[in-house]
Each structure stands twice: as structure tokens, then as C-alpha cells.
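A.B. asks: okay, sequence plus prediction incoming.
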Protein chains: 2
Amino acid sequence: MFFKIPTLVYLEDECLKKHGRLMENYGRKALIVTGRSSARNGSLADVTAQLDDCGISYQIYDQTKENPPVEQVMELQSLYRDYAPDFLIGLGGGSAIDLAKAAAVMLYYPDETADFLYKPVEITRNLPVVAIPTTCGTGSEVTGASVITRHEIGNKQSITSRVYPVLALLDGKYIADCPQTIIANTSIDALGHLVESYINTTASEYSDMIVREGLRVWSRCKETLKGEHRTAEDCNNLMLSANYGGMAIAHCGTSLPHGASYTVTYNTGMPHGKAVGYFLYGYLKYADESRVKDILELTQFDSLEQFRDFIVAVCQIERLDEELLEKCATALAVNKSKLRFCPYDTSEETVRKVVFAL
Amino acid sequence: MFFKIPTLVYLEDECLKKHGRLMENYGRKALIVTGRSSARNGSLADVTAQLDDCGISYQIYDQTKENPPVEQVMELQSLYRDYAPDFLIGLGGGSAIDLAKAAAVMLYYPDETADFLYKPVEITRNLPVVAIPTTCGTGSEVTGASVITRHEIGNKQSITSRVYPVLALLDGKYIADCPQTIIANTSIDALGHLVESYINTTASEYSDMIVREGLRVWSRCKETLKGEHRTAEDCNNLMLSANYGGMAIAHCGTSLPHGASYTVTYNTGMPHGKAVGYFLYGYLKYADESRVKDILELTQFDSLEQFRDFIVAVCQIERLDEELLEKCATALAVNKSKLRFCPYDTSEETVRKVVFAL
């Protein structure tokens, strides 16, 4: 078994003010990759204030799309090839951080074309990435994955290179005013990372430690996921549980729920976390009983049905139509990169049962 | 709070055979720093077989002293300056790994003199270090510390630079035939790392997670610490609990027991772990009750006295003489680098009580 979290993580109130100076270690020219909401939650202003303080010059790309496609990665390569940043700052949810990671590869190899992203590679390099999450789901700030939409295959898929951020700066205040639906959906994504890492062929004592602690912290957030009220402590707990979720998948990888969710999101635009949440009950329904019992105990649910109902309620899930679920099951049944992490039977029949469980 | 474990860790049966090839990432010329017992437990043969397989040339320094002094670090700089290794392999207990770390600094700066080791430095560099522990205490394979004996100040002290190994390869088989006294003493050192990180001004949710898991794993080893019998599973548990101990002090640093132990070891040559164990009871006696309760629960002791008696028995501890304890108390009362991690009163009076508790 292995332990690998190469990212230096800080989670603190006023984290950027306290530790933003560390960005000096990565160069004098930054590219900030973000979406439009980072300007609203104050995080972009905090980042630029820090960069100004350090005398680091920067450019801002704030057009990140949800589930960014390969074309947007290539747009970044083309826009900033001449600027030639020393490092990138991924500021936002999973979309912004993953886009920054993929762009950090393509700007390191400014002459490579898009197919480089999905080519089997032994070792690639990339510009350093600093990750600053403003949602509580992705965990991308501590993983090597960068999930990008490939219209070519009609799905989302992680690029081949592993891009671990060098530094992650987490501050609960960036989600204090986040819309409740985003909090709910992203936090269920985090729950998915924890659950899929615990029910996983590659689960180890190291990853189990992380998952158990992550589930404990996540369970503290259940009340806030149901309502509008969110204290500063809630925000930090939401951030922390998502961070543990990232550490967990950095060791284990995601399995059936994430695999099925990509098809749903690609075809309907359903938010990622909600789509993951749709399949968590089905994934647990066929899993090892004692592992499921651990999960229910740590998250303080009395039964798997209560666990299911909670997710359905907070993500406002409605049953998907048969045709789409058929598409999910068909794609998932041949998706080896997700099937290999499922520790139980992955025959087409069982996969179908998981997908149709809700 | 922060999370920082930059080392890639593998813990597995036949770990070197499975992952030794990763050493190719660090260059073509290695320097192995070890003691004489590594030849006997099979670890040195495993390392050289791997290096031969990878076509990496190497030299072997097998004269590591217990608690190596600054002079030995400088001897390594002088012996291998011309050989100019690309990376070092610290193979052995804490002494060999810490010596390799300090030498990795001095060989990176081959023209610097001994005072460089303890000079205040902002950022230093070092040759990459691969750590392969053959005891179950140090945790040095995942920390930045390198504790070296300074005759100049009549004590042991970590060098100023932080040297995190790039890779740690752990295999329980290297302690399978280790003498019981070494197993007992080093495992009590690991317990000290966990306990001192839990009762610590800098304890965080991240470090607490590591400590709790470390104590759980350590408690599985209690039976084997009392006797001669040691299964392969015991060996891996001993290794794992020591590894968690290292991860814990990488976040928190050690406090009063380690501080006092250095004086004992410097003056009497008492093994490090036994000397640490001497002061653990005293450290807990004055600590926050609920934290102590956690420790006792996780290690499955009914009382602090039972915890004390266990350590006294497995390390065969006898009361130290008054004069030496006075020396410990006097040195510790002004040792700011250890006092600052103690979360309770560190007046001279309390420090004396801790030192004299047994």
C-alpha cells in the first residue's frame, strides 16, 4: 500500500493572507484560472492582493465553463503561450482547478496539440499549480486528476498526466455565501469520494484512515446541508470533509457512481455532485455489508434507506428517465477505468442494477 | 492548520522488489548510508540487488554510529565529495536515516563547513534521500528532522534544514529477526511520537487523525512487545505505527519527553526509545485529562499507571539517579524548542515534576 499527498495544504481563516506569500516559491508571473463567481465571493480580490504584495505579476482568465472541454484547455494554451506564466492558480470549484491543471500541462508543452492530453505517457511535467477551492466537493486541490469534457468520445475523462497542486489554500469563508444548491451538490460529491474510496479494490489502511475521518467530519455538516444556515465552523467543516475526500481518491480513485455520473452530466448538464449522489445508494446496496455498516455509523444514518433519502432530499433528486439510465449502464459496463475499482461483481447485470437502484 | 507529507511511502511485503525501481528517478549514482546490522537483516542485499538491476552505481558507508555526531556527517562530506552521488539511501534505524539526511545537505554544499548544519537558514537544498527503515520507531522516513549529536553543546539536536525523504520503502521483514530489546525500545519511541503530537500546542484535526490511527495500530502490537513471538503481521503493524508516529511529528514536533531523553542518551548512552519512554508517564500526568483519556482508550490501557507499568516492563526501565534527572530538568527548563510544544504550564517547577514523575 502507498501514501501519497505531495500537496502542501493549509486550511485556516484568512488562509491567503497568512500563507499566500508561499506563492513566491513558484515564480514571478502567475496565470489565474477562475470562473465569474470568484470575483463575487471575495477570493479573487484576496488572491490579487497577495500577488500584488509579493510583486508577482498576473493575468486573469475568468471564463471557466462548468465541466470545461478540451477546447478550453487549448484556448488557454493559445492565449497564454506568449505570456509564458511561471505557475498557475486554479481558483474556484473543480472545473476551474481541473482546467488550471490541464492548462499547466499544455503550457509546459506549448507546442503539443490536444491529443497530448489523452496520450499514454510515462512521465510528464507541468507548470506548478496552486489550488484555491471555493466549493466543498472537488478535492481536486490534493489529487493528480483533471477531469475534462471530451466531445470526441461524448463524455468526461481525466487527462493522462497526473498534476498534483504544489500548494492548496483553503478558507471556509469562500463558501459562506455560496448558494445552498451548490453547497449541497458539491458536499455530496465529497461524500461520493469518501464512499467510493472505502468501497474500493485499492482501499488500504492509509486510505481507510482518511475516509473514516472524512466521513466523521462530513457528518457534522448534515444539518447545514438541509437548511440555509451556515456558521463559519460549518464552512470549515465542509471544506475539510471535501479535502479528505480528495486525499481519499488520490489513493483509491472513483468507481461506479462517478463513472455513471459523467454520462448523466454530459447528456443533461446535471451538476456533477448531484449526478454522483444519484448513484451512491445503488453502489452501497451491493457492497460488503460490514463496510456499509461502517459508513452508516460514521455518517450517523440508521439505515441505507435513510442515507438514500437524505441525498435525494438535499440534492432534490428526481428519477432519471429510463433511456438515459440505459445509456449510463451501457457506457459504465465497459468503462474499465471505473469498473476496476469496484470490489464486487461488475457483470453487466450488476452494473445495471446499481445504475437503476434508485 | 496544515497538512504536509511530501514523501511518497510504500509499505508492503517485498517492498524493495516491487518499488525499488522508483530510485531511477533520482539519478545514476547512489550513496548508501547504513550500519553494520543492515547486512545481517537482508536489507542491504535487497537494496544493492535493486540498484544493480537498475544499473545505478553505488558506494556503501556502513559505519553509522548510534546517535551520529556532527563529525560523522563531515566525514561523509569529505569521503564522498569527489564521488558526488546523485542521491543518498538512508538504510537502518533513525541514526542511519538521520545521518543520510544531514549528509545529503552537506554533499549538496560540498564547500560548506560544519557550522552550516546549525545556522539559521531560510531555504536550503539537499540531494534526494530515499529512506528504508529497519527498526520500528524513528518515523524519520517521513519527517524533515535529522537529529545529530553535538558535542559542542553536549546534547543531540536536529539540524536546521528540513530534509524530507523523497521516497520511503517499508517492509516488515527487516524487523522480523531484530533483537527484542530494539523492537521494544524503538516501538516506545514511536508511541512517544504519537503521544507528544497529541499533547501538543500545534495539534490539529489533521495531526489528530494520524495520531489516533497510529495509536490504534500501535495497540495491536502490545502483545508482541511483551514477548519474543513476532508474526509477519506484527512486523508490518510495528512498521506502520512507527510510520504514523513520523507523520505525526512531521506536523507537531516532539516535546518534553524527547527533550529530556536527549540529555539522558547523551550522558549515559541509553537507547533513544527507552529514554523517551522514561518520561512519557510524567508528560501525561500533567496533561489535559480528556486527551489522556483518548490515548488510554486508543491504546487499550485501563489507567495511566497501567500505561506506565507497561513501558517500564517492556523497556526494562530502572529509576535514573537524581543527579542525572536534575541535569535533564535544568536543560529542559530552558529548551524553548521543546517547551513551546507543551500545551500546559512549563514553569521550571512543572518541568521538574514531569522529569521526576517516575
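C.D. replies: Ah, there it is.
A.B. asks: what segments of the stretch 201-350 of chain A are helices?
C.D. replies: A:205-219, A:222-226, A:232-252, A:256-268, A:272-285, A:289-299, A:304-314, A:322-333, A:336-339, A:348-355 (DSSP state H, counting those that start in this stretch).
A.B. asks: go through chain A and flag its longest strand.
C.D. replies: strand A:2-11 (DSSP state E).
A.B. asks: spatially nearest residue to the residue of chain A most remote from its centre, not counting backbone neighbours?
C.D. replies: Most distant from the centre of chain A: A:Gly55, at 30.8 Å, with distances by Cα atoms, centre = their mean. Among residues not flanking A:Gly55 along the chain, A:Arg28 sits closest, at 7.5 Å (Cβ to Cβ, 6 or more residues apart in numbering or on different chains). From N, CA and C alone the C-beta is placed, and that goes for glycine too.
A.B. asks: quick one: that neighbour and chain B, what's the gap?
C.D. replies: Applying Cβ to the nearest Cβ, to the nearest Å, the value for A:Arg28 to chain B is 16 Å.
A.B. asks: again, but for A:Pro271
C.D. replies: Relative to chain B, A:Pro271 is positioned 28 Å away (Cβ to the nearest Cβ).
A.B. asks: and the residue lying closest to A:Ser303 once chain neighbours are set aside, how many neighbours?
C.D. replies: Among residues not flanking A:Ser303 along the chain, A:Leu296 sits closest, at 7.1 Å (Cβ to Cβ, 6+ apart). Neighbourhood size, A:Leu296 [other Cβ atoms under 10 Å in any protein chain shown]: 17.
A.B. asks: surely A:Leu296 and A:Arg308 touch.
C.D. replies: No: using Cβ atoms under 8 Å, A:Leu296 is not in contact with A:Arg308; the gap is 11.0 Å.
A.B. asks: which element is the closest residue to A:Ser187 other than its chain neighbours on?
C.D. replies: Leaving out its chain neighbours, the residue that sits closest to A:Ser187 by Cβ to Cβ, 6+ apart is A:Cys136, at 5.2 Å. Using DSSP states H and E, A:Cys136 is not contained in any helix or strand.
A.B. asks: state the pLDDT value of A:Cys136.
C.D. replies: As predicted, A:Cys136 sits at a pLDDT of 96.
A.B. asks: what sits against the nearest residue to A:Thr143 once chain neighbours are set aside?
C.D. replies: Nearest residue to A:Thr143, sequence neighbours excluded (Cβ to Cβ, 6+ apart): A:Ala250, at 4.5 Å. Residues counted as contacts of A:Ala250 (Cβ atoms under 8 Å, 6 or more residues apart in numbering or on different chains) are A:Lys4, A:Ile5, A:Gly139, A:Val142, A:Thr143, A:Gly144, A:Tyr164.
A.B. asks: in a markdown table: those residues, plus distance to B:Arg291 and neighbour count.
C.D. replies: Putting those into a markdown table (distance: Cβ to Cβ, whole Å; neighbours: other Cβ atoms under 10 Å in any protein chain shown) gives the following:
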| residue | distance to B:Arg291 | neighbour count |
| --- | --- | --- |
| A:Lys4 | 30 | 19 |
| A:Ile5 | 25 | 23 |
| A:Gly139 | 29 | 30 |
| A:Val142 | 28 | 28 |
| A:Thr143 | 32 | 31 |
| A:Gly144 | 35 | 18 |
| A:Tyr164 | 33 | 20 |
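A.B. asks: tabulate these (a markdown table), appending secondary structure and pLDDT.
C.D. replies: Below are those laid out as a markdown table (DSSP: H, G, I helix; E, B strand; the rest coil; pLDDT from 0 to 100):
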| residue | secondary structure | pLDDT |
| --- | --- | --- |
| A:Lys4 | strand | 97 |
| A:Ile5 | strand | 97 |
| A:Gly139 | coil | 96 |
| A:Val142 | helix | 98 |
| A:Thr143 | coil | 97 |
| A:Gly144 | coil | 96 |
| A:Tyr164 | coil | 97 |
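A.B. asks: the residues you listed: which two are farthest apart?
C.D. replies: Using Cβ to Cβ, the pair of the contacts of A:Ala250 lying farthest apart is A:Lys4 and A:Gly139, separated by 14.1 Å.
A.B. asks: distance of the residue nearest to A:Thr143 relative to A:Pro6?
C.D. replies: For A:Ala250, the distance to A:Pro6 equals 9 Å [Cβ to Cβ, to the nearest Å].
A.B. asks: find the residues that touch each one of these two.
C.D. replies: If you check A:Ala250 and A:Pro6 against Cβ under 8 Å, 6+ apart, the residues they both contact are A:Tyr164.
A.B. asks: before we move on, the earlier item: mind putting the contacts of A:Ala250 into JSON lines with distance to B:Ala275?
C.D. replies: JSON lines is the format used below for the contacts of A:Ala250 (distance: Cβ to Cβ, whole Å):
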{"residue": "A:Lys4", "distance to B:Ala275": "33"}
{"residue": "A:Ile5", "distance to B:Ala275": "32"}
{"residue": "A:Gly139", "distance to B:Ala275": "41"}
{"residue": "A:Val142", "distance to B:Ala275": "37"}
{"residue": "A:Thr143", "distance to B:Ala275": "41"}
{"residue": "A:Gly144", "distance to B:Ala275": "41"}
{"residue": "A:Tyr164", "distance to B:Ala275": "39"}
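A.B. asks: quick check, nearest of these to A:Leu117?
C.D. replies: Checking the contacts of A:Ala250 against A:Leu117 by Cβ to Cβ gives A:Gly144 as the nearest, at 13.8 Å.
A.B. asks: surely A:His193 touches A:Ser255?
C.D. replies: No: contact criterion Cβ under 8 Å: A:His193 and A:Ser255 do not qualify, at 10.5 Å.
A.B. asks: ok, residues contacting the longest strand of chain A?
C.D. replies: By Cβ under 8 Å, 6+ apart, strand A:2-11 touches A:18-19, A:22, A:131, A:141-142, A:164-171, A:204, A:206, A:236, A:239-240, A:243, A:247, A:250-251, B:1-6, B:8-11, B:206.
A.B. asks: next one: stretch A:334-342
C.D. replies: Outside stretch A:334-342, the residues that touch it by Cβ under 8 Å, 6+ apart are A:196, A:199-202, A:252-256, A:258-259, A:283, A:332-333, A:346, A:351.
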